[in-house]
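Visitor: Below are the sequence and a predicted model for it; my questions follow.
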Amino acid sequence: QVQLVQSGGGLVQAGESLRLSCLAAGRSFSSYTMGWFRQAPGKEREFVAAVEWWGPTPYYADSVKGRFTMTRNNAKTTLVLEMNTLAPDDTAVYYCAAGLVNGWSALTRPNLYNYWGQGTQVTVSS
């Protein structure tokens with residue numbers, strides 16, 4: 001079992017930056033693929049970024065590539081999402097997630113993740 005507690009987020013103007021953190025508790029954190037997803041009002045939950053348990057290189061959605069950076073520290077059981085050059089379209093509730101997921105096609109599917117953080121609101125004004 002993995003418990004995920006998120007922090008960060010808030011209200012910023014377009015072009016500014018925010019940092020989201022996700023602290024994991026429980027055994028075998030390092031064995032899980034970790035991901036970030038977001039959900040805007042009236043829309044489905046969508047993939048943002050993920051990193052497999054063994055992989056040093058995160059995968060990113062095209063919409064955030066080059067602007068967002070995901071890092072994972074297995075020793076500290078933390079996950080961080082640095083978000084730069086934010087735009088109004090980035091406004092959503094952001095979730096961190098953990099799952100026994102492998103491969104690009106699976107990484108992007110929220111229904112394959114087992115554990116979720118509580119979500120944190122990110123609002124970007126124009």
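Guide: Alright, I've got the coordinates.
Visitor: I'd say residue 116 and residue 93 touch.
Guide: No. Using CB atoms under 8 Å, residue 116 is not in contact with residue 93, being 11.1 Å away. The C-beta positions use only the backbone N, C-alpha and C, and glycine is treated the same way.
Visitor: Of these two, which one has the most company?
Guide: Higher neighbour count among residue 116 and residue 93: residue 116, with 20 against 17, using other CB atoms under 10 Å.
Visitor: measure that one to residue 31 for me?
Guide: Per CB to CB, to the nearest Å, residue 116 is found 17 Å from residue 31.
Visitor: same check, this time on residue 91
Guide: Distance from residue 91 to residue 31, by CB to CB: 33 Å.
Visitor: out of these two, which sits in the more crowded spot?
Guide: A count of neighbours by other CB under 10 Å puts residue 91 above the other of residue 91 and residue 31, at 18 against 12.
Visitor: was I right about the more buried one contacting residue 83?
Guide: No. Using CB under 8 Å, residue 91 is not in contact with residue 83, being 11.4 Å away.
Visitor: Find residues that contact each of the two.
Guide: Counting by CB atoms under 8 Å, 6 or more residues apart in numbering, the shared contacts of residue 91 and residue 83 are residue 122.
Visitor: what's in contact with stretch 117-126?
Guide: When contacts are defined by CB under 8 Å, 6+ apart, stretch 117-126 is touched by residues 4-14, 16, 18, 20, 22, 38-39, 83, 86-97.
Visitor: and with 6 Å instead?
Guide: Outside of stretch 117-126, the residues within contact range by CB atoms under 6 Å, 6 or more residues apart in numbering are 4, 6, 9, 11-14, 22, 86, 88, 90-91, 93-96.
Visitor: which among these gets closest to residue 111?
Guide: Among these, residue 95 lies closest to residue 111 (CB to CB), at 12.9 Å.
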